[in-house]
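**Student:** Provide a 3D model corresponding to the input given below.
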Amino acid sequence: MSDGNQESRTLAFGDGDREVAQREQPFIPNESASSRFLQVELELNAHLRQLTFGEPVRFIYNPLEYAWNTHRCYVEKYCGGGQRILFLGMNPGPFGMAQTGVPFGEVRSVVDWLQVTGEVGHPDEEHPKRQIKGLACTRKEVSGARFWGFFRELCGEPELFFRHCFVHNLCPLIFMSATGKNLTPPDLPPAEREALLKLCDSALCQAVEALGVTMVIGVGRVAEQRARRALSAAGVDVRVEGIMHPSPRNPLANMGWDGVARAKLEALGVLSLLSST
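**Tutor:** Numbers count the residues shown, from 1 in each chain. Just a heads-up that it's a prediction; the model follows:
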């Protein structure tokens with residue numbers, strides 16, 4: 001991935017994680033919502049390993065491999081079935097899910113509120129500016145802190161949120177340039193982007209059907225548009241909506257994302273499900 005002599009990068013297992021993933025591969029079909037969901041993700045991982053990426057991509061991390069332990073803890077703890085709403089992000093952030101294996105997984109929110117535990121390994125090759133520290137990471141992911149902080153204030157306990165909702169990312173991969181710059185899927189060359197997102201779209205449709213949700217809320221316009229396109233093309237009967245992304249790169253989010261999110265969720269009829277009062 002970081003070999004400057006290579007013209008393309010192929011996704012690979014993290015250090016020591018191949019044996020773990022192979023050992024945990026056989027889930028019992030239809031046993032539970034969480035096992036069905038994890039099986040979809042394992043199958044997506046297998047397909048993603050066949051892809052190659054050229055410049056500007058120099059590093060590829062997949063936290064669903066090296067952080068499988070914490071990710072599985074999150075899914076088995078909170079993917080209980082019967083949830084109506086799926087919040088959908090686009091792909092991991094370098095100090096969020098990349099560190100914890102949890103979507104929007106800012107470390108303090110994951111450890112203190114979600115109480116997710118487990119060991120986090122490493123991708124095969126790490127950029128020196130984007131090293132994986134796992135749950136010991138001290139860098140703050142603003143998007144994740146805003147996202148989970150909002151629901152913590154609204155719900156009080158995570159059980160109330162997850163009674164009705166689950167959170168997932170369309171794409172599990174994080175891409176970086178040679179300088180360590182974060183590259184989102186829209187930054188990839190068109191052919192590589194479409195090959196990637198075609199696989200992710202298919203997995204999303206399978207995940208939605210496995211979970212049985214009736215509404216997908218894209219966090220950010222790109223996730224919303226991609227979800228609407230993928231689910232409609234596959235004939236999956238589910239309502240697709242969207243809320244503003246909490247990224248600090250979004251000036252409007254910096255002016256009060258909580259208020260915008262609250263108003264939109266109220267308009268969608270979701271807020272009343274999540275209020276602890």
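**Student:** Just give me the neighbour total for Pro251.
**Tutor:** Pro251: 8 surrounding residues under other C-beta atoms under 10 Å. The C-beta positions use only the backbone N, C-alpha and C, and glycine is treated the same way.
**Student:** Looking at it now. What's its pLDDT?
**Tutor:** Turning to Pro251, the model gives it a pLDDT of 94.
**Student:** Could you measure from it over to Leu42?
**Tutor:** When distances are taken as C-beta to C-beta, to the nearest Å, Pro251 and Leu42 turn out to be 39 Å apart.
**Student:** May I have the phi/psi pair for the closest residue to Ala67 other than its chain neighbours?
**Tutor:** With C-beta to C-beta, 6 or more residues apart in numbering as the criterion, Ala67 has its nearest non-adjacent residue at 3.2 Å, and that residue is Gly101. Summarising the backbone geometry of Gly101 under the convention degrees, to the nearest 10, its torsions are phi 80, psi 10.
**Student:** In contact with Gly101, which residues?
**Tutor:** Under the criterion of C-beta atoms under 8 Å, 6 or more residues apart in numbering, the contact partners of Gly101 comprise Pro63, Leu64, Ala67, Trp68, Asn69, Thr70, His71, Tyr74, Val116, Gly118, Val120.
**Student:** one more time with 7 Å
**Tutor:** Going by C-beta atoms under 7 Å, 6 or more residues apart in numbering, Gly101 touches Pro63, Ala67, Trp68, Thr70, His71, Tyr74, Val120.
**Student:** Pick out whichever of the residues you listed sits closest to Val216.
**Tutor:** The closest of the contacts of Gly101 to Val216 turns out to be Tyr74 (C-beta to C-beta; 18.6 Å).
**Student:** For that closest one, which three-state class applies?
**Tutor:** Secondary structure for Tyr74, judged by DSSP: H, G, I helix; E, B strand; the rest coil, is helix.
**Student:** pLDDT wise, what is it at?
**Tutor:** As predicted, Tyr74 sits at a pLDDT of 98.
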